[in-house]
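K.L.:
heads up, no residue letters with this:
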């Protein structure tokens, strides 16, 4: 059982590595030009937070997968919602940092936050521990959504 546990725990980090590749350049060039709220976390907090959150959500997905006996019919909704939120999570960085589309990134992160909430609701009857492991992620997404909103609001798109 070590291989599935390690694989599912590591899976979210794959998107995080890709996102880090995109963010690395933009956080030094484009991101400093944006108006940001004073309460935003320091840039150094983001990779630490995301490493912790990705590990927690990955292990939580393993708990659900294990409790349901793998990729069974009973796992379609709870793990399908998890897969959807993971895809949405991985898509945010290319939209925000890659394409510089602040409004679309806001729409996307609102959808992501709702999908994480739905994932947690679907997981609660299966594994309360897995659900609780997702709680810091949901809290961070609420902060990130607020930050995305303020950045969008305070940096209007220039008309061509």
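P.N.:
Perfect, thanks for sending it. All figures in this text were calculated on a predicted structure; none of them were measured in a lab.

K.L.:
Run through who's touching stretch 64-81.
P.N.:
1, 4-5, 8, 61, 82, 115, 118-119, 122-123, 126-127, 130 (CB atoms under 8 Å, 6 or more residues apart in numbering). C-betas here are computed from N, CA, C, even on glycine.

K.L.:
try stretch 38-56
P.N.:
Stretch 38-56 is contacted from outside by 9, 12-13, 16, 19-20, 27, 31, 133-134, 136-137, 140, 143, 147, using CB under 8 Å, 6+ apart.

K.L.:
Out of these, which is nearest to residue 91?
P.N.:
Residue 91 lies nearest to residue 19 out of the contacts of stretch 38-56, by CB to CB, at 9.5 Å.

K.L.:
Make sure that closest one is actually in contact with residue 91.
P.N.:
No. Contact between residue 19 and residue 91 fails when scored by CB atoms under 8 Å: they sit 9.5 Å apart.

K.L.:
Could you look up the SS state of residue 70?
P.N.:
Three-state assignment for residue 70 (DSSP: H, G, I helix; E, B strand; the rest coil): coil.

K.L.:
Secondary structure element for residue 3, which one?
P.N.:
Per DSSP states H and E, residue 3 falls inside helix 2-26.

K.L.:
residues of that helix that come out buried?
P.N.:
8-9, 11-12, 15-16, 19-20, 23 (16 or more other CB atoms under 10 Å).

K.L.:
With distance to residue 152 and secondary structure added, can I get the contacts of stretch 64-81 in CSV?
P.N.:
Formatted as CSV, the contacts of stretch 64-81 follow (distance: CB to CB, whole Å; DSSP: H, G, I helix; E, B strand; the rest coil):
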residue, distance to residue 152, secondary structure
1, 44, coil
4, 39, helix
5, 38, helix
8, 33, helix
61, 30, helix
82, 27, helix
115, 20, helix
118, 24, helix
119, 25, helix
122, 30, helix
123, 31, helix
126, 36, coil
127, 35, coil
130, 32, helix
